[in-house]
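Trainee: Here's my sequence, what's the structure:
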Amino acid sequence: MVAEQTFRLRIYRKNELAMLYFPESSKQTAMRNLGRWIQHCTPLKEELLERGYDKNRKYFLKHEVELILKHFGEP
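Mentor: Got it, this is the predicted structure:
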């Protein structure tokens with residue numbers, strides 16, 4: 001029996017969070033897919049930008065992860 005892992009709200013490297021959403025993909029593909037999800041979700045994109053999101057930063061801040069969870073659910 002495999003124990004179910006619970007998602008922890010914290011700062012995540014972008015590739016780390018992307019791999020949680022796309023575990024069967026390579027890091028590059030997972031990052032590209034998560035980036036596409038964000039680009040196509042206008043409300044999320046706007047909320048992230050309002051909060052100072054930097055697409056070139058290598059990690060998501062805790063409040064950014066919270067917004068992603070709000071729109072996409074837990075990975």
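Trainee: how close does the residue most central in space within the chain sit to Asn56?
Mentor: Most central in the chain under Cα atoms, centre = their mean is Leu17, positioned 5.0 Å from the mean C-alpha point. Distance, Leu17 to Asn56, using Cβ to Cβ, to the nearest Å: 16 Å. For the C-beta atoms, the positions are set from N, CA and C on the backbone; glycine is no exception.
Trainee: that older thread, where's the residue lying closest to the residue nearest to the centre of the chain once chain neighbours are set aside relative to Tyr21, distance?
Mentor: What sits nearest to Leu17 in space, not counting adjacent residues and going by Cβ to Cβ, 6 or more residues apart in numbering, is Phe60, at 5.8 Å. Going from Phe60 to Tyr21 by Cβ to Cβ gives 12 Å.
Trainee: Between the two, point out the one with more neighbours.
Mentor: Phe60 (22 against 16; other Cβ atoms under 10 Å).
Trainee: how about that one, what does it touch?
Mentor: Shown in contact with Phe60 (Cβ atoms under 8 Å, 6 or more residues apart in numbering): Ile11, Tyr12, Arg13, Lys14, Leu17, Ile68.
Trainee: Repeat the analysis, applying 10 Å as the threshold.
Mentor: Phe60 is in contact with 10-14, 16-18, 34, 48, 53, 66-68, counting by Cβ atoms under 10 Å, 6 or more residues apart in numbering.
Trainee: what number of residues lie near Glu74?
Mentor: 10.
Trainee: Name the SS class of it, please.
Mentor: Using DSSP: H, G, I helix; E, B strand; the rest coil, the three-state assignment for Glu74 comes out as coil.
Trainee: For it, give me the pLDDT.
Mentor: For Glu74, the pLDDT comes out at 94.
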